[in-house]
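Chemist: here is my input, please return the structure:
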Amino acid sequence: MPASFLSLEASAVRRVVSVWRRFFATALAEPTRKPEDEIAEYLERHQHDLPPELRIELERRSMSL
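Modeler: Numbering: from 1, shown residues only. Here you go, the predicted model:
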């Protein structure tokens with residue numbers, strides 16, 4: 001079946017919309033979080049629940065970085 005001008009134009013428009021949709025989805029997506037960031041955030045929130053020795057060691061390590 002021969003393709004009409006309208007069907008070719010519609011597929012081109014869909015392709016452009018798809019490119020823009022992917023671009024905006026990527027640009028607006030939240031950055032992926034690393035497990036290290038999650039652990040650091042958890043330790044920061046719960047630092048007062050940790051034993052003093054562990055808290056001191058974590059502070060030393062964070063200062064040396």
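Chemist: distance from the chain centre to whichever strand or helix holds residue 59, please.
Modeler: Using DSSP states H and E, residue 59 sits within helix 52-64. Put simply, helix 52-64 sits 28 Å off its chain's centre (Cα atoms, centre = their mean, to the nearest Å).
Chemist: got it, and stretch 57-65?
Modeler: Using Cα atoms, centre = their mean, the offset of stretch 57-65 from its chain centre is 27 Å.
Chemist: contacts for that stretch?
Modeler: Contacting residues not belonging to stretch 57-65 are listed as 43, 47, 50 [Cβ atoms under 8 Å, 6 or more residues apart in numbering]. All C-beta atoms are positioned from the backbone trio N, CA, C, and that covers glycine.
Chemist: 7 Å instead?
Modeler: Here stretch 57-65 makes contact (Cβ atoms under 7 Å, 6 or more residues apart in numbering) with residue 43.
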